[in-house]
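# Any chance you can model this:
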Amino acid sequence: MKTYFLILPVALLVAYSQLIVKWRSNSVGNYVSSTFLKSLLKFLTDPIILSAYVAALLSSFAWLYVVTRLPLTVAFPVYIGITFAMVLFGGWFFLSETLTTTKIVAVLLILCGIILGIKGDA
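Below you'll find the predicted structure:
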């Protein structure tokens, strides 16, 4: 069971990177009237966006470690489900995105599926 906790840092890093990119793209998005290259340069020189890309890179290294410890058919669904839940609630909490009953039920069903998948693998 402890091995499954190895997925949490991967999910946290990916959720962080997705939330940060969305947050900063909204604020840097004011440059839409600029040319594509100028907008791209703004994104590539934004240290906060760069931190999101570093987090994504670190998560890929952490993922390599996870897949050496768990079967991919278990690790990947758990990783995706947890990341989905983190991004959904992070988007609501940090970005003021809409959180509906349908989305909450969907996350609960995903988490139930993860629990069943873990128990079925044990």
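
# moving C-terminal of the lowest-mean-pLDDT helix or strand in the chain, what's the next helix or strand?
One helix or strand of the chain scores below all others by mean pLDDT, DSSP states H and E: helix 36-44, with a mean of 81. Scanning forward in sequence from helix 36-44 by DSSP states H and E, the next helix or strand is helix 47-69.

# now that following helix and helix 36-44, what's the angle there?
Orientation of helix 47-69 against helix 36-44 (axes from the mean of the first three to the mean of the last three Cα atoms, to 10 degrees) gives an angle of 70 degrees.

# Can you name the residues in contact with helix 47-69?
With Cβ atoms under 8 Å, 6 or more residues apart in numbering as the test, helix 47-69 has contacts from 3, 6-7, 9-10, 13-14, 16-18, 20-21, 24-25, 28, 43-44, 75, 79. The way it works is simple: take the backbone N, C-alpha and C, and place the C-beta from them, glycine included.

# who's in contact with the residue nearest the centre of the chain?
Central residue of the chain (Cα atoms, centre = their mean): residue 15, 2.5 Å from the mean position. The contact partners of residue 15, by Cβ under 8 Å, 6+ apart, come to 83, 86-87, 90.

# In contact with the spatially closest residue to it that is not a sequence neighbour: list those residues for me.
Once flanking residues are discounted, residue 15 sits nearest to residue 86: 3.7 Å by Cβ to Cβ, 6 or more residues apart in numbering. Residue 86 is in contact with 11-12, 15, counting by Cβ under 8 Å, 6+ apart.

# try residue 70
By Cβ under 8 Å, 6+ apart, the neighbours of residue 70 are 3-4, 6-7.

# what do you get if the cut-off is 10 Å, keeping everything else the same?
Going by Cβ atoms under 10 Å, 6 or more residues apart in numbering, residue 70 touches 3-4, 6-7, 76, 78-79, 118, 121.

# Show me which of those residues is closest to residue 39.
Nearest to residue 39 among the contacts of residue 70: residue 79, at 31.3 Å, using Cβ to Cβ.

# what's the closest non-adjacent residue to that closest one?
Leaving aside its sequence neighbours, residue 79 sits nearest to residue 7 (Cβ to Cβ, 6+ apart; 5.1 Å).
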